[in-house]
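Participant: Just the structure for this:
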Amino acid sequence: MNKEKSIVVLNNLIEINNDRIQVYETATIVTEESDLKNLFSEFQKTSEIFKSELVEEVQKMGGIPVDVIKKNNFFVKLWMNFKAKLVDKDREDILNTLEYKEFVAIKSYKETLTDNIDHLTVELLIILKSQQLLLTAHHDKVKKLGDLMLS
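Facilitator: Next up, the predicted model:
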């Protein structure tokens, strides 16, 4: 296991969860539908838990979690563009946008696990795979709600 590489990997996943937290925080504000507000709040809390787990692991390795590192303006611009896309959207638009965001998060987790298996302990792999599975369940919920709009 390469500790420095593991820290980079975990910080990348922390950033993914930071993005999800912001996305679902905004989605909760944008929608007026209580069922979606509850769902988005649940998803936000899940990423807060994931982030907390990942921060703890980075700190155990003596690393600095990404929150302490100054964020790149590029990510801020991406976030603002995404936020603008959500505002004044209807239920179907919000669900479609969030389904795509969930897909991207899952893909990032899968790639991270595949590309860095040699840099992570078995314990970390179990944590990350567990997080990935719950993200997949979130994606499936959003997709199912979006599919219901098509019926």
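Participant: Every contact and neighbour count from this point should use C-alpha atoms.
Facilitator: Will do.
Participant: burial count for Ile106?
Facilitator: Other residues near Ile106 come to 21 when the count uses other CA atoms under 10 Å.
Participant: What strand or helix carries it?
Facilitator: Secondary structure assigned from DSSP states H and E places Ile106 in helix 91-115.
Participant: in the host helix or strand of Val23, what's buried?
Facilitator: Element membership for Val23, per DSSP H and E: helix 3-30. Neighbour-count burial for helix 3-30 flags 6-21, 23-28, 30 (criterion: 16 or more other CA atoms under 10 Å).
Participant: as a whole number, average confidence for it?
Facilitator: Here helix 3-30 scores 90 as its mean pLDDT.
Participant: so what does it touch, helix or strand wise?
Facilitator: Applying 3 or more CA pairs under 8 Å, 6 or more residues apart in numbering; DSSP states H and E, one finds that helix 3-30 contacts helix 34-60, helix 73-86, helix 91-115.
Participant: ok, of those, where does mean pLDDT dip lowest?
Facilitator: helix 73-86 has the lowest average pLDDT among the helices and strands packed on helix 3-30, namely a mean of 58.
Participant: Downstream of the helix holding Ile106, the next helix or strand is which one?
Facilitator: Helix 91-115 is succeeded, C-terminally, by helix 122-150 (DSSP H and E).
Participant: what about stretch 10-28, distance to the chain center?
Facilitator: Here the centre of stretch 10-28 is set off from its chain's centre by 5 Å, with CA atoms, centre = their mean, to the nearest Å.
Participant: swap in stretch 41-57?
Facilitator: Relative to its chain's centre, stretch 41-57 lies at 9 Å (CA atoms, centre = their mean).
Participant: then it to CSV, C-alphas only?
Facilitator: Presented in CSV, the C-alpha positions along stretch 41-57 are these (Å, rounded to 0.1, in the frame of the first residue of the first chain):
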residue,chain,number,x,y,z
SER,A,41,-32.0,15.5,2.2
GLU,A,42,-31.4,11.8,2.8
PHE,A,43,-28.9,11.6,-0.1
GLN,A,44,-27.1,14.7,1.3
LYS,A,45,-26.8,13.1,4.7
THR,A,46,-25.4,9.9,3.2
SER,A,47,-22.6,11.9,1.5
GLU,A,48,-22.0,13.7,4.7
ILE,A,49,-21.5,10.3,6.4
PHE,A,50,-19.3,9.1,3.6
LYS,A,51,-17.2,12.2,3.7
SER,A,52,-16.8,11.9,7.5
GLU,A,53,-15.6,8.3,7.1
LEU,A,54,-13.1,9.3,4.3
VAL,A,55,-11.8,12.3,6.3
GLU,A,56,-11.2,10.0,9.3
GLU,A,57,-9.2,7.5,7.1
